[in-house]
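Engineer: Next input, structure requested:
(one chain, ligands or ions: 1)
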Amino acid sequence: MSRYKILGFIGDGIGAEIVPEAVKVLDAAADTYGFDVEHLGPYECGAHYWVSHQMKRGWPEEVTKDIFYEADAIYKGPTGLPDLVGKLPGPYLPLNMRLDLDLYANVRPCRLRPGVESVLRGREPGSIDFIVLRENTEHMYAAIGGIMRRGGVSELAIDDYVQTRKGCERIIRRGFEMARSGDYKGRPGAPRDGKRRLTCACKWGLCKGDDLFKEIYDGMVAEYLDVERDSTWIDSWSYYALMRPDFYDVVVMPNQYGDIMSDMSGAIQGSLGLAGSINAGDSHCFAEATHGSAPDIAGRCVSNPTSMILSIGMMLNWLGEKKGDQRLRDAWRGIDRAVDRVLAAGKIRTPDLGGSSSTKQFGSAVAKAVKAA
Ligand code: NAD
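Structural biologist: Model prediction:
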């Protein structure tokens, strides 16, 4: 039996509610699909940890940089609390996972699942099934820039918008490969016509970095003739995604656009509480829900753990592909189907989906459905 080291973090706000439920489902999947998990953690970390530990560190001492590299895969609850954004004297973890582990692909599926209503009218389950594929290391979030203060007053702020050939090439190639394989989707292709399609969404013609992004996309099209070519300006895409969501299959975009559009996709699929995501590179991966720490509902056990459960499922799929272990890939499908079964039955649903079940009740129902597979 293979044993995988999985490193976990709880994070802030609803992290303490959704992470244990996702771990429950991970353990159920390990039992059912026959692999062994060595848990490292889950450890506390985040803004709350900083404040409750005299503003010295955002994570426990035993969390060293090395364990991030030792782990086969990682998951993390949301970190950050609105009152403390930008006010704490340091990071929440000993490294910046996206940059230090070079996790260049943020995969954020948007699927309308059975028993769930989209904010868009008259949409059937399965009629929306696209992936926002967000570049994850460049653009406005490359952390290059600064602020000039004069006489104690913040006078000038600069964020450099960086796109590199390497950064564009690898995320766009990942997009073509994902459209080809149908990975992380309900089924391959766009729901409207079944066509495998990679949409390039950015603001070419205006932003130089996006000119490069589009040029590289256009140059790669000939290598993937089985994948339909489609490109749209990012502002137009925010309109088209609402008007004809069934047209989209995989949509690749630079970092900041993907950050914004994937929250909108949360609404399209019925709730941010359903929005799973992984940050994936070639050697490392960490699972994290699309949303934040949801302080408006934290502490009441009413949050929807599906986002975290699906993120961990996707993490298993990534690890299965890397290790050539089909059991992990089957476990991802098993978790995905179990979520659908519980949602379709409609008896147990959290308040964001119009129900009154607790986070725990939903997590337990999914774990039971995984075992019943
Ligand atoms: P948010 O994503 O936490 O919440 C937005 C809305 O979605 C809220 O109404 C919330 O109740 C709802 N929601 C989110 N997750 C839900 C779930 N699982 N079930 C049910 N409803 C859910 O956005 P915010 O309030 O703007 O941010 C809160 C904090 O999270 C901020 O401090 C921000 O910095 C941080 N944040 C962290 C991450 C991360 O760690 N990856 C990402 C985004 C925001």
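Engineer: Now do the helices in the chain.
Structural biologist: When assigned using DSSP state H, the helices of the chain occupy the ranges 15-33, 47-52, 65-70, 97-100, 165-181, 208-220, 234-243, 255-268, 306-323, 326-345, 359-371.
Engineer: which of those helices is buried the deepest?
Structural biologist: Mean neighbour count (mean count of other C-beta atoms under 10 Å) peaks for helix 306-323 among the helices of the chain, with a mean of 25. All C-beta atoms are positioned from the backbone trio N, CA, C, and that covers glycine.
Engineer: relative to helix 255-268, how tilted is it?
Structural biologist: Per axes from the mean of the first three to the mean of the last three C-alpha atoms, to 10 degrees, the angle that helix 306-323 makes with helix 255-268 is 130 degrees.
Engineer: Export helix 306-323 to CSV, keeping only CA atoms.
Structural biologist: Output in CSV follows, covering the C-alpha atoms of helix 306-323 (Å, rounded to 0.1, in the frame of the first residue of the first chain):
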residue,chain,number,x,y,z
THR,A,306,-17.7,21.4,-0.5
SER,A,307,-15.1,23.9,-1.8
MET,A,308,-12.4,22.4,0.5
ILE,A,309,-13.6,18.8,-0.1
LEU,A,310,-13.4,19.2,-3.9
SER,A,311,-10.0,21.0,-3.6
ILE,A,312,-8.6,18.0,-1.8
GLY,A,313,-10.1,15.7,-4.4
MET,A,314,-8.4,17.7,-7.2
MET,A,315,-5.1,17.5,-5.2
LEU,A,316,-5.4,13.7,-5.2
ASN,A,317,-5.9,13.7,-9.0
TRP,A,318,-2.8,15.9,-9.5
LEU,A,319,-0.8,13.5,-7.2
GLY,A,320,-2.1,10.4,-8.9
GLU,A,321,-1.0,11.8,-12.3
LYS,A,322,2.4,12.7,-10.9
LYS,A,323,3.0,9.3,-9.3
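Engineer: now check that helix, is it near the ligand?
Structural biologist: Yes. Against the ligand, helix 306-323 shows contacts by C-beta under 6 Å from any ligand atom at Ser307.
Engineer: what mean pLDDT would you report for that helix?
Structural biologist: What helix 306-323 shows for mean pLDDT is 98.
Engineer: Now do that helix and helix 326-345, the angle between them.
Structural biologist: Using the same axes, to 10 degrees: helix 306-323 against helix 326-345 is 160 degrees.
Engineer: helices and strands around helix 306-323, which ones?
Structural biologist: On a contact count with 3 or more C-beta pairs under 8 Å, 6 or more residues apart in numbering; DSSP states H and E, helix 306-323 meets helix 15-33, strand 73-76, strand 105-111, strand 278-280, strand 285-287, helix 326-345, helix 359-371.
Engineer: try 10 Å this time
Structural biologist: Judged by 3 or more C-beta pairs under 10 Å, 6 or more residues apart in numbering; DSSP states H and E, helix 306-323 is in contact with strand 3-9, helix 15-33, strand 73-76, strand 105-111, strand 278-280, strand 285-287, helix 326-345, helix 359-371.
Engineer: In the stretch 101-250 of the chain, which residue sits nearest the ligand?
Structural biologist: Asn106 (10.1 Å; C-beta to the nearest ligand atom).
Engineer: Tell me how far the residue in the chain positioned nearest to the ligand lies from Gly80.
Structural biologist: Relative to the ligand, the nearest point of the chain is Gly292 (2.3 Å; C-beta to the nearest ligand atom). Between Gly292 and Gly80 the computed distance is 6 Å (C-beta to C-beta, to the nearest Å).
Engineer: so what's the residue nearest the centre of the chain up against?
Structural biologist: Nearest to the geometric centre of the chain sits Ser277, at 1.8 Å (C-alpha atoms, centre = their mean). When contacts are counted by C-beta atoms under 10 Å, 6 or more residues apart in numbering, Ser277 is found next to 106-109, 131-132, 134, 184, 262, 286-291, 307-308, 310-311, 314-315.
Engineer: same thing with Tyr240?
Structural biologist: 199, 201, 230, 232-233, 247-248, 251.
Engineer: where does the stretch 51-200 of the chain come near the ligand, residue by residue?
Structural biologist: Contact residues (C-beta under 6 Å from any ligand atom) of the stretch 51-200 of the chain with the ligand: 78-82, 85.
Engineer: For PyMOL, what selects the buried ones among those residues?
Structural biologist: Entered in PyMOL, the line below selects the buried ones among those, by 16 or more other C-beta atoms under 10 Å:
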select buried, resi 78+79+80+81
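Engineer: possible to save the residues of the stretch 51-200 of the chain next to the ligand as TSV with pLDDT?
Structural biologist: Formatted as TSV, those follow (pLDDT from 0 to 100):
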residue	pLDDT
Pro78	98
Thr79	97
Gly80	95
Leu81	94
Pro82	93
Val85	87
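Engineer: I'd like to know which of the residues of the stretch 51-200 of the chain next to the ligand is nearest to Gly334.
Structural biologist: Of all these, Pro78 has the smallest distance to Gly334: 25.1 Å, by C-beta to C-beta.
Engineer: related to what we said a few turns ago, could you dump the helices and strands packed on helix 306-323 to a markdown table with mean pLDDT?
Structural biologist: Below are the helices and strands packed on helix 306-323 laid out as a markdown table (pLDDT from 0 to 100):
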| stretch | mean pLDDT |
| --- | --- |
| strand 3-9 | 97 |
| helix 15-33 | 98 |
| strand 73-76 | 98 |
| strand 105-111 | 98 |
| strand 278-280 | 98 |
| strand 285-287 | 98 |
| helix 326-345 | 98 |
| helix 359-371 | 98 |
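Engineer: I'd like those as a markdown table, with distance to Phe213 appended.
Structural biologist: Formatted as a markdown table, the helices and strands packed on helix 306-323 follow (distance: least, C-beta to C-beta, whole Å):
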| stretch | distance to Phe213 |
| --- | --- |
| strand 3-9 | 32 |
| helix 15-33 | 33 |
| strand 73-76 | 28 |
| strand 105-111 | 14 |
| strand 278-280 | 19 |
| strand 285-287 | 23 |
| helix 326-345 | 29 |
| helix 359-371 | 37 |
